[in-house]
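Colleague: model this:
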Amino acid sequence: MGILLAGCEPAQTADALPPPPPAHYATIADAALGAGATLNGDIPFPADNPWNLDISDPVRYPVDAQSGPIIAHIGAGTGLHPDFGPAPYGIPYIVVDQSQALVPVRINSSGYPADSDVVPMPLGPGTPIEGIAPGAEVRADNDAHVIVLNRSRNLLYELWHAAPDAGGGWTADGAAVFDLHSNVVRPSKAGQCGVSSADAAGLPIFPGLVRYDEVESGAIRHALRFTVESSRKAFVPPAIHWAADMNQSNRAPMGMRVRLKASYEIPDGFHRETRVILQALKTYGMIVADNGGNWFVSGASDKRWPIEDLLHELARVKGSNFEVLRMDGLRSDCP
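Modeller: Residues are numbered from 1 along each chain as shown. Coordinates of the predicted model:
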């Protein structure tokens, strides 16, 4: 869900970035509990997981031959847009432990039952739902994502178009469970092709979110998630699912990764939060994960976001400042 504001002036001076806390990969055992809780330096999945790879080396990660046409199709003159902010903007998440009861989840027949993990999940009355105020009804046009991290089991639960039911369980159009300590991120669907998750690309959503706790720590150590208006009937790893009907070469496939060019100089006058985000886009890039607004960068809901500053400054970073990484393993069919 996007938010549109304008007329804000950029910062005149730059705050020094603090040294980030030590990184702990493939665990969330150190995370605090609660909605929007800090992970205290924990990073889902191993250091060599695609989400966590440093792709800044242009020799090891060269530019794709179709980079120019793809960037032009998404919008070379279009600026980045932070698709997050204080609720209801952004995608909320909550960290729980073994004390959170597991409840049944039913996948609607109109959704993706065959692609879903149908298991009891740690959901309760206080579980936040994307774009939905507590107690409000989920409508058909709501994405209504739900993200729960269980630090006791090191598991990530994600649902799409989710809502509690009258019997204490939940319903959803899609649900997936991810193992945060392994590169076999979704054991139930390992090696499968053309399987969606709570996201169009079949990817986990949480590891690609811009989170306030990371930004304030001074460093984001993973790739970000972004959307495009029109994608391609194809995917490139780590994605395993496409969400389009046409396979035009100038459209972005799901899983496509872009990098902020090394030649782009991050302005010293930008606010600290903006500079941390842009540095992550140079070091880790961002991955196409769903259809939506062009260059919409996904993030977690948090009332502390300086959203007017982010809107003004990120809009100054254009599509032409990015390049597409070579798309090894591009697929347009499944066996």
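Colleague: contacts, neighbours, all on C-alpha from now
Modeller: Fine.
Colleague: Can you list the residue ranges for strands in the stretch 51-200 of the chain?
Modeller: All strands of the stretch 51-200 of the chain, identified by DSSP state E, counting those that start in this stretch, fall at 81-83, 94-96, 105-107, 146-150, 155-160, 163-164, 170-172, 174-179.
Colleague: Can you report how many residues neighbour Pro187?
Modeller: Using other Cα atoms under 10 Å, Pro187 has 12 other residues around it.
Colleague: What separation is there between it and Val195?
Modeller: Pro187 is 13 Å from Val195, where distance means Cα to Cα, to the nearest Å.
Colleague: quick one: low-confidence ranges for this protein?
Modeller: 1-18 (pLDDT under 70).
Colleague: mind running it again at 80?
Modeller: By pLDDT under 80, the low-scoring segments of the chain are 1-21, 135, 140.
Colleague: Unless I misread the structure, Val297 falls within a strand.
Modeller: Yes. Per DSSP: H, G, I helix; E, B strand; the rest coil, Val297 lies within a strand segment.
Colleague: Identify whichever of the strands of the stretch 51-200 of the chain lies nearest to Lys303.
Modeller: Ranking the strands of the stretch 51-200 of the chain by proximity to Lys303 (Cα to Cα) places strand 81-83 first, at 13.7 Å.
Colleague: what lines up beside that closest one in the sheet?
Modeller: strand 296-298 (parallel) (DSSP bridges).
Colleague: Just after the partner strand, pick out the following helix or strand.
Modeller: Using DSSP states H and E, the next helix or strand after strand 296-298 towards the C-terminus is helix 307-314.
Colleague: From the contact counts, what lies against that following helix?
Modeller: For helix 307-314, the contact count by 3 or more Cα pairs under 8 Å, 6 or more residues apart in numbering; DSSP states H and E identifies strand 81-83, helix 272-283 as packing neighbours.
Colleague: quick one: it to chain centroid distance?
Modeller: Its chain's C-alpha centre and that of helix 307-314 lie 19 Å apart, by Cα atoms, centre = their mean, to the nearest Å.
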